[in-house]
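Student: 3D model of this:
(chains A and B)
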Amino acid sequence: MENNSRRSIAKQFRKPKSLNHHNHNGLFAEKDEVPAVFSHTLSVVFETPVTGEDISVKLTDWLENMRHWAEQNKFFIGHIKVIAENEDVFFLWLSTTGSQINTKGGDDWRSNLIGRCIISITAIVFGVKESDLKQFTLESLVLINKK
Amino acid sequence: MNVVIFGGFLGSGKTSMILSLAHYIAEKQNSLGSRGLVIIENEIGEIGVDDKILKSNGYQVRELFAGCICCTLSADLTTMLNDLEAATHPKWVIIECTGLAYPSKIIKTLKQYGKGIESIRTVTVIDAERWEELMTVAPVLTSTQIAEGDFLFINKIDLIDEEALSEVEFGVKKINERAKRYQLSATTEIRDNLWNEVTGIGE
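Tutor: Purely as a prediction, here's the structure:
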C-alpha cells in the first residue's frame, strides 16, 4: 500500500464512538483508541498433502484479502497474525500491519508435506465493529479450504 | 529477578527484539551462572500466536491472554511473577506487553506487590514506518508508551527515508527526552553493547 494512501486513511479515520463496550479502566488504550479484536482457530484437512509453501500462499492470499477489505473501508489495521502448525515439526507464522506481509517458519517449512494443520488467527483492527470484523474474517477464512 | 518490559504499539517489532535479547541473555547466562530466563507473553485475543514463535526458539514462555481488553492483567501478571520467583527463581524475566498496554500501570503494580524483583527496565519499540498514522489514530496511547520508556527503539528505519526518520526522531525526543534512543531495523543485527546497556550485564 502506498504511503500516501495509508496516510489518507489515517487522516480520514474518525475516532469511533464506543464501538466496543468493554470496561478497561485505563490499563489499556484510551476509550476511543480501542480496536476490534477477533481470534479464531480452525482445523484444516487437505484431500492430498500440500507443501508448506502451498499453505503459505493460501495464508498470504487471506492476509491480502483482509488488507484489501480494511483499505476499501478505511479501517486501520493494528495487527493481523496467523499461525499454522501441526503435531509434527511444521510451523508457519505470517503477519501484517497493513503494508508488507512478514513470514517466519520452522526448519524446512517450505518443503514439509502437510496433510492437516491447525490455523490460528488474531485480527486487531481499528474503526470497525467487532461483529463485522468477525463476519468478514470467518467468510474469508473459508477460502483457505478451497482449492 | 530482573525484569525487562517491552512495550510499544501493535506490530512495532517487540517479539523480534525479544528474540534478540533472549539470545543475548542465554549466551551471557553461561558465563554468569544465572538461573534462567522466562518470557511472559501478554497477547490480545484468546489465542496465543507470538508465544509459539518464542517457544519454537527453545525459550520458556508463559502466556497471559487479555481475551477482552480488561483490567485484570496487572493482578494476573503479578501472581505469575511471584509464582515463578517461588518455584524457579529466574534471573531474568522478559515481559512482552500487548501493543495496547501502558507499561507504567503494570510497573506500578509490580513494584507494589512483586516479590524478589531487583530491577525493572522498560523498552518501548516504535514503528517508524507508521509514525504519522499512529499519532493520528492512537496519539494518546503512542505518546504515553514512548513517555514511559527507559529505552526507545525506533524500529523499521529501513522502510522510511531520512526526512521521515528525522521527523520521527524529533517527535519521539519531544515526548521523552531523557530516555536513550536507538535506531534499528530488521536488516541490521543488534549489537551486544546495546543489550549491555539495557540489561546492565557487564557493567
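
Student: can you mark which positions in stretch A:46-60 are buried?
Tutor: Of all the residues in stretch A:46-60, those buried under the rule 16 or more other C-beta atoms under 10 Å in any protein chain shown are A:50, A:52, A:55, A:56, A:58, A:59. Backbone N, C-alpha and C define where each C-beta goes, glycine included.

Student: and if you look at stretch A:78-94?
Tutor: In stretch A:78-94, counting by 16+ other C-beta under 10 Å, buried: A:78-86, A:90-94.

Student: could you pull out the helices for chain A?
Tutor: Assigned by DSSP state H, chain A shows helices spanning A:3-12, A:52-73, A:130-145.

Student: now check the second one, is it near chain B?
Tutor: No. Contact between helix A:52-73 and chain B, assessed by C-beta under 8 Å from any C-beta of the partner chain, is absent, since the two come no nearer than 12.3 Å.

Student: which residues of chain A score low on pLDDT?
Tutor: Under the criterion pLDDT under 70, the flagged ranges of chain A are A:1-32, A:145-147.

Student: can stretch A:80-90 be found next to chain B?
Tutor: Yes. Interface with chain B: stretch A:80-90 contributes A:81, A:82, A:83, A:85 (C-beta under 8 Å from any C-beta).

Student: my read: the first one touches residue A:122, true?
Tutor: Yes. Using C-beta atoms under 8 Å, residue A:81 makes contact with residue A:122 at a distance of 5.2 Å.

Student: list residues touching both of the two?
Tutor: Listed contacts common to residue A:81 and residue A:122 are residue B:49; contacts here mean C-beta atoms under 8 Å, 6 or more residues apart in numbering or on different chains.

Student: picking that back up, reformat the helices of chain A as a markdown table; add distance to residue B:5.
Tutor: Below are these laid out as a markdown table (distance: least, C-beta to C-beta, whole Å):
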| stretch | distance to residue B:5 |
| --- | --- |
| helix A:3-12 | 27 |
| helix A:52-73 | 29 |
| helix A:130-145 | 28 |
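
Student: deepest-packed of those, please.
Tutor: Highest mean neighbour count of those: helix A:52-73, a mean of 17 (counted as mean count of other C-beta atoms under 10 Å in any protein chain shown).

Student: and that helix, how far out from the chain's middle?
Tutor: 8 Å (C-alpha atoms, centre = their mean, to the nearest Å).

Student: could I get the CA-only coordinates of that helix as CSV?
Tutor: Output of helix A:52-73 as CSV, limited to C-alpha atoms (Å, rounded to 0.1, in the frame of the first residue of the first chain):
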residue,chain,number,x,y,z
GLY,A,52,4.3,-25.6,3.5
GLU,A,53,4.8,-23.3,0.6
ASP,A,54,1.3,-24.0,-0.6
ILE,A,55,-0.1,-23.2,2.8
SER,A,56,2.0,-20.0,2.9
VAL,A,57,0.4,-18.9,-0.5
LYS,A,58,-3.1,-19.6,0.9
LEU,A,59,-2.4,-17.6,4.1
THR,A,60,-0.8,-14.8,2.2
ASP,A,61,-3.9,-14.6,0.0
TRP,A,62,-6.0,-14.5,3.1
LEU,A,63,-4.0,-11.7,4.6
GLU,A,64,-4.1,-9.8,1.3
ASN,A,65,-7.9,-10.2,1.3
MET,A,66,-8.0,-8.7,4.8
ARG,A,67,-5.7,-5.9,3.9
HIS,A,68,-7.8,-5.0,0.9
TRP,A,69,-11.0,-5.0,2.9
ALA,A,70,-9.5,-2.8,5.5
GLU,A,71,-8.2,-0.4,2.9
GLN,A,72,-11.5,-0.3,1.0
ASN,A,73,-13.4,0.5,4.2
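
Student: rewinding a little: return the member of the buried residues of stretch A:46-60 nearest to chain B.
Tutor: Distances from the buried residues of stretch A:46-60 to chain B were compared by C-beta to the nearest C-beta; the smallest belongs to residue A:59, at 12.3 Å.

Student: quick one: residues contacting residue B:51.
Tutor: For residue B:51, the contacting residues are B:41, B:43, B:61, B:63, by C-beta under 8 Å, 6+ apart.

Student: mind listing what residue B:86 touches?
Tutor: residue B:115.

Student: which helix or which strand is home to it?
Tutor: In this structure, residue B:86 sits in helix B:73-87 according to DSSP states H and E.

Student: name the next helix or strand downstream of that helix, please.
Tutor: strand B:92-96.

Student: same for whichever helix or strand comes after that following strand, what does it pack against?
Tutor: Next in sequence after strand B:92-96, counting helices and strands by DSSP H and E, comes helix B:103-113. Packing partners of helix B:103-113 (3 or more C-beta pairs under 8 Å, 6 or more residues apart in numbering or on different chains; DSSP states H and E): strand B:2-7, helix B:73-87, strand B:119-127.

Student: next, residue B:193: secondary structure please.
Tutor: The three-state label given to residue B:193 by DSSP: H, G, I helix; E, B strand; the rest coil is helix.

Student: okay, now it: neighbour count?
Tutor: 9 (other C-beta atoms under 10 Å in any protein chain shown).

Student: show me where pLDDT drops low in chain B?
Tutor: Low-confidence regions of chain B, defined by pLDDT under 70, span residues B:30-35, B:45-48, B:65-74, B:202-203.

Student: longest helix of it?
Tutor: In chain B, with assignment by DSSP H, the single longest helix is helix B:14-32.

Student: which residues are contacting that one?
Tutor: B:4, B:6-8, B:34, B:36-37, B:39, B:50, B:53-54, B:57, B:59, B:91-92, B:94, B:96-97, B:99, B:123, B:125, B:153, B:155, B:184, B:186, B:189-190, B:192, B:195, B:198-199, B:201-202.
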